[in-house]
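Asker: show me how the following folds:
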Amino acid sequence: MELKNFIKSLSIMHLFLLGGLIIFTVWVILQINTFNTSTNGQGPFLYAVPVFAMLGYFGSQWIFKKMTSKIKMDIKFEEKLKKYQSALHLKYALIEMPAFIGLFAYYNTGNALPLVISICLLAYLAVQRPNKDNIINSIPLTPDEKNQIQNT
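Answerer: Predicted structure coming up:
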């Protein structure tokens with residue numbers, strides 16, 4: 001596995017997830033075209049979206065740290081990268097799912113709260129772009145592996 005292609009594929013995957021969420025957000029905003037801030041008669045969506053958002057945000061961090069902490073120093077470099085990639089995919093999914101739920105809630109209710117939460121999750125997903133420093137800081141690497149990543 002070539003490291004440069006690995007980082008490039010992670011970046012492309014992140015870009016497509018982010019792009020899809022942005023396109024869906026714009027589509028939902030254009031469809032509704034109004035903002036309602038009333039909390040009366042909104043049903044369970046108004047309460048479920050913040051809960052799902054918090055679970056997604058904190059859960060993504062917790063599961064990512066848990067999965068990357070299980071990576072052993074003595075396994076092959078390629079195995080470390082595969083485990084990191086799996087952890088990153090799950091992290092992105094846990095951020096993206098509540099954002100889609102919030103957009104769905106906004107589409108059905110017109111209430112701006114789920115939209116704002118979804119946009120915040122979208123921004124958080126945007127700053128989670130994979131890069132060399134994140135790889136180095138997230139998984140246990142030997143000095144040779146760190147040099148290999150930095151020189152890519």
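Asker: what about the longest helix in the chain?
Answerer: Counting residues, the longest helix in the chain under DSSP state H turns out to be helix 77-109.
Asker: packing partners for the helix or strand of the chain with the lowest mean pLDDT?
Answerer: Here the helix or strand of the chain ranked lowest by mean pLDDT, DSSP states H and E is helix 143-150, holding a mean of 89. In this structure, helix 143-150 packs against helix 77-109, helix 132-138, with contacts taken as 3 or more CB pairs under 8 Å, 6 or more residues apart in numbering; DSSP states H and E. Glycine gets a C-beta too; all of them are placed from N, C-alpha and C.
Asker: what comes up buried for the longest one?
Answerer: By 16 or more other CB atoms under 10 Å, the buried positions in helix 77-109 come out as 77, 80-81, 83-85, 87-88, 91-92, 94-107, 109.
Asker: repeat that for the shortest one.
Answerer: By neighbour count, with 16+ other CB under 10 Å as the criterion, the buried positions of helix 132-138 are Ile135, Ser138.
Asker: give me the mean pLDDT for it.
Answerer: The pLDDT scores in helix 132-138 average 91.
Asker: neighbouring contacts of the least confident helix or strand of the chain?
Answerer: Residues from elsewhere that reach helix 143-150 (CB atoms under 8 Å, 6 or more residues apart in numbering): Leu3, Phe77, Lys80, Lys132, Ile135, Ile136, Leu141.
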